[in-house]
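J.: Show me how the following folds:
(3 chains)
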Amino acid sequence: MAKRPAVGLRRQGGVANVIMIVVALVFMVLFLLLPLVTVFAQAFASGLSGYIASITDPNTLSAIWLTLIVAAVALVVNVVFGLAGSWALARFRFPGRLAILTVLDLPFSVSPVVAGLMLVLLYGRQGWLGPWLEAHNLKIIFALPGMIIATIFVTLPFVARELIPLMEEQGADEEEAAILLGASGWQMFWRITIPKLRWGLLYGVLLSNARAMGEFGAVSVVSGNILGLTDTMSLDVKALYDGYNIVGSFAVASLLASLALVTLVAKTVLERQFLTRSTKEEVSA
Amino acid sequence: MTKTTGLSRRNLLLTGAAAGLGAGLQALPRTAEAAQTIKLLNVSYDPTREFYADYDARFAAAWKAKTGDDVAVSVSNGGSGAQARAVISGLEADVVTLALGYDIDAIAKSGLLAADWAKRLPNGGTPYTSTIVFLTRKGNPKGLKDWPDLLKPGVQIVAANPKTSGGARWSFLAAYGWALKQFGGSTQKANDFIRAYYKQVPVLDAGSRGATLTFTNRGIGDVLISWEDEAHMAVAKGGAYSIVYPGTSILAEPPVAVVDANVDKHKTRAVAEAYLQNLYTPASQDLAAQYFYRPRDPQVLAKYAATFPKLDLFTIETFGGWQAAQKQFFANGGVFDQIYGG
Amino acid sequence: MSLADSRPAPASSLWGRLRGQRSILPGLGLSLGITLFVLSLIVFLPTAAMVGDAATLGVGGLVHLLATPRVLGAFKVSLGCAALAALTSAIFGLLIAWVLVRTRFPGRRLADAMVDLPFALPTSVAGIALSTLYAPNGWLGSLVAPYGIRISFTVIGVYIALTFVGLPFVVRSVQPVLQDMEAEQEEAAHMLGAGRLQIFSRVIFPAILPSLTAGFAMAFARGLGEYGSVIFISSNRPGVSEIVPLLIVNQLEQFDFAGAAAIGTLMLILSLALLCGIMLLQRLVRSGRHG
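T.: A predicted model of the protein is given here:
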């Protein structure tokens, strides 16, 4: 919670404050609220029945299904990786630790298109692993595994980035005590580490899930865009639009926008209830 | 007959489950030889989605009647170059139906199909043709009748990017070919014309369909230069537009081919070949005409003479074939790059 | 690791680090193993493949490719738009953070939650929404169209999309610092007769500058790589509004894998440089807040 407003700037500026509030809000309405309203307005442009027809189209349903699968697998990997990574990086000091920490952030700053490109160059038919994959009849690119890998790439840091500062802040005292008292590693992990981390974990999962379900750039490079088979919801927005189905496109977009709104609400609730200020600053990283 | 192309819902589920259990990076398991359902993947370019959606259903019915097997055709649509790139990188298309021969040549070069693919089907593997026309706002308020009119001051042209869109390459060449003829074969003057032309293009969409939607839904520009079929489709979708035929244009020949390596792998050669050969039957030619592709069959063409006015058409051979045209105009450092480079 | 040979020192304590001693905590092998395995498959190997492919061009080929007008033009557009958008995000982000922390108004919490919308909204949805909104026949585009101003399908559209995606980075970077700021200094300055602007420029601004810069850098990095929202709203003209990620896709679509890899590698180097800068700035912010 913010400290109590004090005198000085905080109390004086009646008119100035009002002007600033108005400018800030106008900006937010123009840049944040109106795009959101546009999505829903366009989605319902031909009424509720048109909307329902759009989202129950078989291709759209399969896009929703595919998106859920991709996000679910990415989530499992992210949680396992996030727990393992934060345990190793927050609880131990070893050579190369800083390098791993830096690489960990790379997916946040690298362009999603570059991420997709990398995967094509590695796992594609003419890529480094292409001949080997083909010889073993394994399909990665332009199939589900490629889309999952691309999604994992762009969401990889979320959980770990949430947990590392949390673990560092909490310290290792309780875990060390448990070990000294004879607990096994897994006992310590399940009884002490996980309960202490659960809200941070939930928070990281929430953010990574929002990104996973909406990823476009990286997935577009590795998806074959096969209608009804390798189109995720985010890709389907474009595919439907290109098929002259504007209402359908915005209907799918509205589902994704609703997901974003749910994420925001959940995030606000989580932040208010369980997160300390110092972890909040990491959120935006 | 086994299925291998594409992924079924069940595959997705299985893979999802398997991956979720920690085997996440495994490839798709090939499901049990799903009885008599044959899966075929057609990787196509941008504007064909409506035509092939219809054609696939009819072909499946015909194939079922003939052999008793079900065929489930999946289609992937996108910019022609992007689609060819995907096939080269491992998108396992059984057949490709692209915008221009250069893109299929590129797939052939990567070893997936024989270099002489164009000789295997009639008409060089191009079952239907099209041309490049103007789509203007209703009633053609700016009075755009032929290529030079496009350079009138204030005219905004909407076109796709020839680097990524097959249709845009045809439209670039249509404009360039007119200029070449007009200026007695002077490349210098033709280059000047095409430079002035692209100066009036405010948006370069990645694909033909994107360009169409920019013109129709976003209300940008005075004229869309695009496929004849795309222009007719925009009108058919209920827009207030007029189609204008320039005096001269290019004969656009979108080719089709079976991807040898993939059909052999999937054991789908018979059905893939039938799928393409069937495009030449009178019924399919009629269907193509209904979706505004110019049929090769002269009788069907005659039937739709009102839809497809005769005009003076030159071919890609004017530029020495696709390989030469690609090198001269669209390769890195070619004429198109020079327009934007300096 | 057995208990016998380790000492009960906290893993991250100065003592433990100086002595180079091993922690008594278990699981380093397993957790580091998983971390490195996943990073290898998802990040290291693909990165190596791209850099390796770029290297096949050789130094001469790389320089030649990157010096072509089209590539230079795309970098100019991307860097320019991302910088301008990040600057806009910095200005309005600071204002929004200020208003959220220092003022009270109805709907403040709602506004606070809304700031994160660009994080949560998929980029393709943002792209299609923004381009519809700012198209000449859209709600906002139609307002400016009569004056001959076009937003969607121009470079202004790119700028708007990048501002959209960059905004939350600045707000969320500055907000906690503003919240933590002690009132004493401001009050002291006020007592000493400093004006409002003086207090802001002499006391507050220097204190939030590192976090503001970090937010700017994050917004800039994000803007540089943004693809999904931009392709819907840009006119994609080489040298005018074609961004680098789109150029990479275009290279791919012309079957120039090595060229795409080369441009991608350059982007990667830029990202890494920005990342290091951001980490340094964040360290500065943290030491400023806690130290």
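
J.: Return the nearest residue of the stretch 51-200 of chain C with respect to chain A.
T.: Residue of the stretch 51-200 of chain C nearest chain A, by CB to the nearest CB: residue C:122 (2.5 Å). Bear in mind the C-beta positions are built from the backbone N, C-alpha and C, glycine included.

J.: Would you check that that residue makes contact with residue A:234?
T.: Yes - contact between residue C:122 and residue A:234 holds when scored by CB atoms under 8 Å: they sit 4.9 Å apart.

J.: Find residues that contact each of the two.
T.: A:213-216, A:256, C:228 (CB atoms under 8 Å, 6 or more residues apart in numbering or on different chains).

J.: what's the residue closest to the geometric middle of chain B?
T.: residue B:99 (3.0 Å; CA atoms, centre = their mean).

J.: what about the spatially most central residue of chain C, which SS state?
T.: Taking CA atoms, centre = their mean, the centroid of chain C lies closest to residue C:218, which sits 2.6 Å from it. Secondary structure assignment for residue C:218 (DSSP: H, G, I helix; E, B strand; the rest coil): helix.

J.: Please name the residues that touch the closest residue to it other than its chain neighbours.
T.: Distances taken as CB to CB, 6 or more residues apart in numbering or on different chains place residue C:169 nearest to residue C:218, at 4.0 Å, with adjacent residues excluded. Contacts for residue C:169 (CB under 8 Å, 6+ apart) come out as A:284, C:89, C:93, C:215, C:218-219, C:222.

J.: Equivalent analysis for residue A:125, please.
T.: A:134, A:141, B:88-90, B:110.

J.: Hmm, residue C:27 and residue A:185 touching each other?
T.: Yes - shown here, residue A:185 and residue C:27 form a contact pair, counting by CB under 8 Å, at 5.3 Å.

J.: any common contacting residues for the two?
T.: Counting by CB under 8 Å, 6+ apart, nothing touches both residue A:185 and residue C:27.

J.: Can you pull the poorly scored residue ranges out of the stretch 1-150 of chain A?
T.: For the stretch 1-150 of chain A, applying pLDDT under 70 flags the ranges A:1-13.

J.: got the residues of it near chain B?
T.: Within the stretch 1-150 of chain A, the positions near chain B by CB under 8 Å from any CB of the partner chain are A:62, A:65-66, A:69, A:72-73, A:76-77, A:120, A:124-127, A:130, A:133-134, A:136-145, A:148-149.

J.: Taking the contacts of residue A:125, tell me the two that lie furthest apart.
T.: Maximum pairwise distance in those, criterion CB to CB, is 14.1 Å, between A:141 and B:110.

J.: who's more crowded, these two?
T.: Neighbour count, other CB atoms under 10 Å in any protein chain shown: between residue A:141 and residue B:110, residue A:141 has more, with 29 against 16.

J.: Just give the nearest non-adjacent residue to residue 114, would you?
T.: I went with chain A, as the question did not name one. Closest residue to residue A:114 apart from its sequence neighbours, by CB to CB, 6+ apart: residue C:264 at 4.5 Å.

J.: nope, chain C
T.: Using CB to CB, 6+ apart, the closest residue to residue C:114 is residue A:32 (5.4 Å).

J.: how close does that neighbour get to residue C:52?
T.: 42 Å (CB to CB, to the nearest Å).

J.: go on, residue C:249?
T.: 20 Å.

J.: Is it correct that residue B:159 falls within a strand?
T.: Yes - assessed by three-state DSSP, residue B:159 belongs to a strand.

J.: Report how many residues lie close to it.
T.: Neighbours of residue B:159 (other CB under 10 Å): 29.

J.: The residue nearest to residue C:114 against residue C:113, yeah?
T.: No - with contact defined as CB under 8 Å, residue A:32 and residue C:113 do not form a contacting pair (10.5 Å).

J.: Who has more neighbours out of those two?
T.: It is residue A:32, of residue A:32 and residue C:113, that has more neighbours when counted by other CB under 10 Å, with 22 against 17.

J.: So the longest strand along chain B, near chain C or not?
T.: The single longest strand within chain B, with elements called by DSSP state E, is strand B:128-137. No - judged by CB under 8 Å from any CB, strand B:128-137 stays clear of chain C, getting no closer than 12.8 Å.

J.: can you check stretch B:236-256 too?
T.: No - on the criterion CB under 8 Å from any CB, stretch B:236-256 is out of touch with chain C, staying 12.7 Å away.

J.: Just the terminal-to-terminal distance for that stretch.
T.: 25 Å (CA to CA, to the nearest Å).

J.: related to what we said a few turns ago, leaving out chain neighbours, which residue sits closest to the residue of the stretch 51-200 of chain C closest to chain A?
T.: residue A:214 (2.5 Å).

J.: who touches that neighbour in this structure?
T.: Applying CB under 8 Å, 6+ apart, we find residue A:214 in contact with A:233-234, A:256, A:259-260, C:120-125.

J.: what sits against residue B:81?
T.: B:103, B:163-166, C:253-255.

J.: That one looks like it's in a helix, true?
T.: Yes - under three-state DSSP, residue B:81 falls within a helix.

J.: For stretch C:233-245, C-alpha coordinates in CSV please.
T.: What follows is stretch C:233-245, C-alpha atoms only, in CSV (Å, rounded to 0.1, in the frame of the first residue of the first chain):
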residue,chain,number,x,y,z
ILE,C,233,-1.7,-1.8,-38.8
SER,C,234,1.5,-1.1,-40.8
SER,C,235,1.6,-0.4,-44.5
ASN,C,236,4.7,-2.5,-44.7
ARG,C,237,6.5,-0.3,-47.2
PRO,C,238,10.2,-1.0,-47.4
GLY,C,239,12.2,1.9,-45.9
VAL,C,240,9.0,3.6,-44.8
SER,C,241,7.1,1.4,-42.5
GLU,C,242,8.6,-2.1,-42.9
ILE,C,243,9.9,-3.3,-39.5
VAL,C,244,12.8,-5.7,-39.0
PRO,C,245,10.7,-8.7,-37.8
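
J.: Between residue C:249 and residue C:52, which is the more surrounded one?
T.: For residue C:249 versus residue C:52, neighbours defined as other CB under 10 Å are more numerous around residue C:249 (25 against 14).

J.: In this structure residue B:56 contacts residue B:63, no?
T.: No - using CB under 8 Å, residue B:56 is not in contact with residue B:63; the gap is 10.3 Å.

J.: Show me the shaky parts of the stretch 1-150 of chain C.
T.: C:1-22.

J.: For the residue of it found nearest chain B, which residues are in contact?
T.: As assessed by CB to the nearest CB, chain B sits closest to residue C:69 within the stretch 1-150 of chain C, at 3.5 Å. Each residue near residue C:69 by CB under 8 Å, 6+ apart is listed here: B:337, B:340-342, C:239.

J.: Mind doing that once more with 6 Å?
T.: residue B:341 (CB atoms under 6 Å, 6 or more residues apart in numbering or on different chains).

J.: Same question for the one 4 residues further on.
T.: Neighbouring residues of residue C:73 by CB under 6 Å, 6+ apart: C:238-239.
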